[in-house]
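Asks: Got a sequence here, can you build the structure:
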Amino acid sequence: MSGSDSIRMEEEVHNQMDRANADFEEFVSRMAHNLREPLREIASYSQLMSETSAGSLDSGAGAYLASIREAAARTQSLLADVVDYWAVGGRDRPTSSTDMEPALIQALLCAERQITERNAVVTHAPLPRVTGDFGLLTKVLHHLIKNAIEYCNEPSPRVHIASRRVDLDWVFSVQDNGPGIEPAFQGRVFEVFRRLHGNEYPGNGLGLAFCAKVIEWHGGRIWVKSTLGAGSTFYFTLPAAD
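Replies: I've put the predicted structure just below:
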């Protein structure tokens with residue numbers, strides 16, 4: 001086989017993989033879309049039953065209906081996260097400049113309910129411009145902030161976001177005052193559907209896996225340092241815009 005034949009074969013294999021990935025991504029998106037409507041109906045009808053039969057339902061039946069609504073909401077959230085996860089990497093790596101300050105502001109707006117309900121305090125140092133996708137990086141910040149709040153058992157969760165320049169990259173840190181992560185599990189928190197606390201806390205095990213996939217797609221890396229009882233700090237790198 002000549003060198004040109006080998007190159008053409010490699011290109012054909014690459015094209016076939018791209019088409020397969022695109023087909024699977026479309027399948028996931030369509031499946032999620034088709035499942036959302038019955039889930040909405042389940043949630044709506046269980047809510048309607050609770051409202052119209054409020055006087056005739058005992059406490060057990062009311063709790064069952066509430067569980068149905070919660071399960072439908074969790075499944076809807078899972079479907080949205082699955083679509084987001086599989087959509088990462090379907091395009092060329094971004095080359096545009098993104099200001100992480102507006103990305104953080106948008107992430108805080110998305111986490112407003114959790115911040116208010118848990119009386120959380122989120123602070124940050126000035127953030128730089130990086131080379132990256134604004135929407136995806138906003139979701140990364142949102143997931144990390146939301147996790148820091150939801151997994152904290154303190155009366156007032158505290159989160160601090162900062163960055164520092166290291167050669168051609170910016171190193172970001174998201175520090176919390178949560179319970180910390182055991183050393184044996186710190187390397188596994190970014191695995192798909194990995195939930196260290198079972199059903200003790202909300203979530204579906206895709207948030208940190210999504211963050212890892214986005215950061216790696218940008219050419220960066222992500223890791224965590226944690227001490228039991230003293231909180232965790234998640235770090236990730238992104239290429240500087242300059």
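Asks: So what are the structural domains in the chain, by residue number?
Replies: 3-87, 97-239 (automatic domain parsing).
Asks: among the ones you listed, which gets the worst mean confidence?
Replies: With a mean of 69, domain 3-87 has the lowest mean pLDDT of these.
Asks: centroid residue for this protein?
Replies: residue 207 (3.0 Å; Cα atoms, centre = their mean).
Asks: any idea which of the domains of the chain is most buried?
Replies: domain 97-239 (a mean of 17; mean count of other Cβ atoms under 10 Å). Glycine gets a C-beta too; all of them are placed from N, C-alpha and C.
Asks: ranges for the strands of the chain?
Replies: For the chain, the strands defined by DSSP state E cover 97-99, 121-124, 129-131, 158-166, 169-176, 222-226, 232-239.
Asks: Contacts for the fifth one, please.
Replies: Taking Cβ atoms under 8 Å, 6 or more residues apart in numbering as the criterion, the residues outside strand 169-176 that touch it are 100, 127-128, 130, 141, 144-145, 148-149, 151-152, 157-165, 220, 231-240.
Asks: try it again with 7 Å
Replies: 128, 130, 144-145, 148, 152, 157-164, 220, 231-240 (Cβ atoms under 7 Å, 6 or more residues apart in numbering).
Asks: follow-up on the earlier one: the strands of the chain into CSV, with extra columns for distance to residue 49?
Replies: Formatted as CSV, the strands of the chain follow (distance: least, Cβ to Cβ, whole Å):
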stretch, distance to residue 49
strand 97-99, 46
strand 121-124, 38
strand 129-131, 49
strand 158-166, 39
strand 169-176, 39
strand 222-226, 43
strand 232-239, 42
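Asks: of all the ones you listed, which lies closest to residue 112?
Replies: Of all these, strand 121-124 sits nearest to residue 112, with 10.3 Å by Cβ to Cβ.
Asks: before we move on, back to that, for residue 188, which of the strands of the chain is the nearest?
Replies: Nearest of those (Cβ to Cβ): strand 222-226, 10.3 Å.
Asks: Would you give the sheet partners of that closest one, along with the direction of each?
Replies: strand 232-239 (antiparallel) (DSSP bridges).
Asks: All the helices of this protein, residue numbers only.
Replies: For the chain, the helices defined by DSSP state H occupy 3-52, 59-87, 100-110, 112-117, 134-150, 207-217.
Asks: Touching, residue 104 and residue 127? I think so.
Replies: Yes: judged on Cβ atoms under 7 Å, residue 104 makes contact with residue 127 at a distance of 6.0 Å.
Asks: And for residue 72, nearest residue in space, chain neighbours not counted?
Replies: Excluding its sequence neighbours, the residue lying closest to residue 72 (Cβ to Cβ, 6 or more residues apart in numbering) is residue 43, at 4.1 Å.
Asks: got the contact list for that neighbour?
Replies: 69, 72-73 are the contacts of residue 43 under Cβ under 7 Å, 6+ apart.
Asks: Go again with 10 Å.
Replies: By Cβ atoms under 10 Å, 6 or more residues apart in numbering, residue 43 lies in contact with 68-73, 75-76.
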